[in-house]
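# predicted model follows, preceded by the sequence.
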Amino acid sequence: MIQTDREAPRYSGRVDGSGAQHLRWHQLVTAQQSGDIQDSVALLGFCSDAGVKRNQGRVGASDAPAALRAALSPMAIHNQRELVDLGDVVVEGDELESGQERLAGAVTQTLNSGAFPIVLGGGHETAYGTGLGLLQHLADDRSTRIGILNLDAHFDLRDESQRTSGTPFLDLYNQTVQQGRDFHYAVLGISRPGNTVALFNKAEELGVPYLLDEDCEPAQIIEFVDAFLERIDVLYLTIDLDVLPASVAPGVSAPAGFGVPFERILSVCRQVVASGKVVVADVVELNPRYDIDSRTARSAARLIYEIAVG
């Protein structure tokens, strides 16, 4: 059994029939069992506001896993794949570090079991737990080149005295160096006004390739992503929903004034899945308290759907 803090809630929704041609997400997904989960897609919630609060953002992301499950539930299944929900890792109050360690442990266990984990955040502090789990999974395999592709308006390379939703990739850089690995990290969707000169300098210092939101045209996106995929063997895909325009994703900690069109973010998901290199993913920064007509949750669920069974 994968260790989490609480079991997944029950899924529910419309039922048109029990045959394969009628199936929806809620009919296919199962709760964690003691049996084999190899080759399955394994959902894992990370209920955390602590990193966003430390980063002076709008809190509410701890409610995101439930909102994402609700948005996924009615989706029709065209390509069947075993879906299992492992439940939630829950951060109580400001106990972020211990929560990230538990998340990392659950991700490691899931990868060791041969499943494909998709983490439902949580603020972007989720990324430290997800990435650390992958590093732990491959701790004895230093030859495999690990890549992190972040779809985000922000670098999240802040140098702070404690972990926040703005520090995860500098934190992961430090862990990667400790393992004696090269750090392969790229960001698509960067907002120039949303990142200080110091953050651009840090990205340059660490050799981080990035594509500005205003430069995210289809051809440039394909070239950028392909060039990054060529440098790595396995990929951790992390999607911060504030990469999307505020009209599509109003329910985030920091809504985008510009953003990358939804269809282009969707195309990135399809491109990296087609590469066969994605081994773990997370979707973060949904804040249901500020969502409008579940717009952000539905957009996020479509991206998860494409990664999982699209």
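It's in. Predicted, not measured: the structure shown is a model, and the values here were computed from it.
# how about the longest helix along the chain, which residues are buried there?
Counting by DSSP state H, the longest helix found in the chain is helix 96-112. By 16 or more other C-beta atoms under 10 Å, the buried positions in helix 96-112 come out as 96, 99-100, 102-111. Placement of C-beta: from N, CA and C, glycine included.
# what does that helix rub up against?
Helix 96-112 is contacted from outside by 2-5, 37, 42, 44, 46, 48, 50-51, 54, 86, 89-92, 117, 119, 125-126, 128-130, 132-134, 136-137, 162-163, 279-280, using C-beta atoms under 8 Å, 6 or more residues apart in numbering.
# can you name the next helix or strand after it?
Of the helices and strands lying after helix 96-112 in sequence (DSSP states H and E), the nearest is strand 116-121.
# contacts only, for Asn150.
Ala127, Asp156, Phe169, Tyr185, Ala186, Val187, Leu188, Thr238, Asp240.
# distance from stretch 41-58 to the middle of the chain?
11 Å (C-alpha atoms, centre = their mean, to the nearest Å).
# do me a favour and get the end-to-end distance for it?
Stretch 41-58 has an end-to-end distance of 30 Å (C-alpha to C-alpha, to the nearest Å).
# now that stretch: mean pLDDT?
Mean per-residue pLDDT for stretch 41-58: 95.
# and for stretch 18-38?
On average, stretch 18-38 scores 87.
# next: stretch 198-212.
For stretch 198-212, the per-residue pLDDT averages 98.
# ends of it, how far apart?
Stretch 198-212: ends 16 Å apart by C-alpha to C-alpha.
# list of residues touching that stretch?
Residues contacting stretch 198-212 (C-beta under 8 Å, 6+ apart): 154-155, 157-159, 170, 173, 183, 185-192, 220-221, 224, 227-228.
# got it, and stretch 134-141?
104-105, 107-108, 111-112, 144, 146, 172, 175-176, 179, 181, 234, 236, 279-280.
# chain center to the worst-scoring helix or strand of the chain on mean pLDDT: distance?
Every helix and strand of the chain was ranked by mean pLDDT, DSSP states H and E. The lowest is strand 30-31, at a mean of 88. Taking C-alpha atoms, centre = their mean, one finds strand 30-31 lying 21 Å from the centre of the chain it belongs to.
# quick one: strands adjacent to the helix or strand following it?
Per DSSP H and E, strand 30-31 leads on to strand 41-47 as the next helix or strand towards the C-terminus. According to DSSP bridges, strand 41-47 has the following sheet partners: strand 83-90 (parallel), strand 116-121 (parallel).
# which of the contacts of Asn150 fall within helices?
Going by DSSP H, the helices hold Ala127, Phe169 from these.
# nearest to Leu28 among the contacts of Asn150?
Thr238 (24.9 Å; C-beta to C-beta).
# low-confidence stretches in this protein?
Scanning the chain with the threshold set as pLDDT under 70 gives 34.
# strands of this protein, residue ranges please.
30-31, 41-47, 83-90, 116-121, 146-151, 184-190, 210-212, 234-240, 278-284 (DSSP state E).
# let's have those strands in TSV, adding distance to Asp291.
Listed next are those as TSV, based on distance: least, C-beta to C-beta, whole Å:
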stretch	distance to Asp291
strand 30-31	26
strand 41-47	16
strand 83-90	19
strand 116-121	15
strand 146-151	19
strand 184-190	20
strand 210-212	26
strand 234-240	15
strand 278-284	14
